[in-house]
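Asks: Prediction below, plus the sequence it came from.
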Amino acid sequence: MKQARGYGIITDPALSAPKEIDTFTCAHCQTVIDRIPGKGPTDDAIGAWCTCCDAPICLQPWCRKRGCVPIQRWLEKQEIRRNYDEAMRK
């Protein structure tokens, strides 16, 4: 995948004009990754590709060590845990 999935605009008073960048979002932790022109999401400077969930991921060590846990799956587990805790309180 060489196409960006997001778009960002950085406005800084020190810059004469806003800086426009393409972005990717880490599938595991939702970190926004700036795309370097001419490089893809799996280049060493940007990130890696998770073959399990087939999506770009960031290079944060804690994100890569925990294995493939996409944010959607993690949120579903948290919701199930909350529902279980509420049911046990009744």
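Replies: Perfect, thanks for sending it. Numbers count the residues shown, from 1 in each chain.
Asks: Can you tell me the SS state at residue 7?
Replies: Classification of residue 7 using DSSP: H, G, I helix; E, B strand; the rest coil returns strand.
Asks: tell me the SS of the nearest residue to it once chain neighbours are set aside?
Replies: Once flanking residues are discounted, residue 7 sits nearest to residue 22: 6.1 Å by CB to CB, 6 or more residues apart in numbering. C-beta: built from backbone N, CA, C; applies to glycine. For residue 22, the assignment made with three-state DSSP gives strand.
Asks: Can you list the residue ranges for helices in this structure?
Replies: Here the chain has its helices, by DSSP state H, at 61-65, 71-89.
Asks: Give me whichever of these is most buried.
Replies: Mean neighbours per residue, mean count of other CB atoms under 10 Å, is largest over the helices of the chain for helix 61-65, with a mean of 12.
Asks: sorry, back to before: kindly reformat the helices of the chain as a markdown table containing distance to residue 11 and mean pLDDT.
Replies: Converted to a markdown table, the helices of the chain look like this (distance: least, CB to CB, whole Å; pLDDT from 0 to 100):
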| stretch | distance to residue 11 | mean pLDDT |
| --- | --- | --- |
| helix 61-65 | 28 | 76 |
| helix 71-89 | 27 | 87 |
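Asks: so which of those comes closest to residue 10?
Replies: helix 61-65 (23.3 Å; CB to CB).
Asks: ok now that closest one, how far from the chain's centre?
Replies: Its chain's average C-alpha position is 12 Å from that of helix 61-65, according to CA atoms, centre = their mean, to the nearest Å.
Asks: returning to what we had before: need the pLDDT of the residue nearest to residue 7.
Replies: pLDDT, residue 22: 82.
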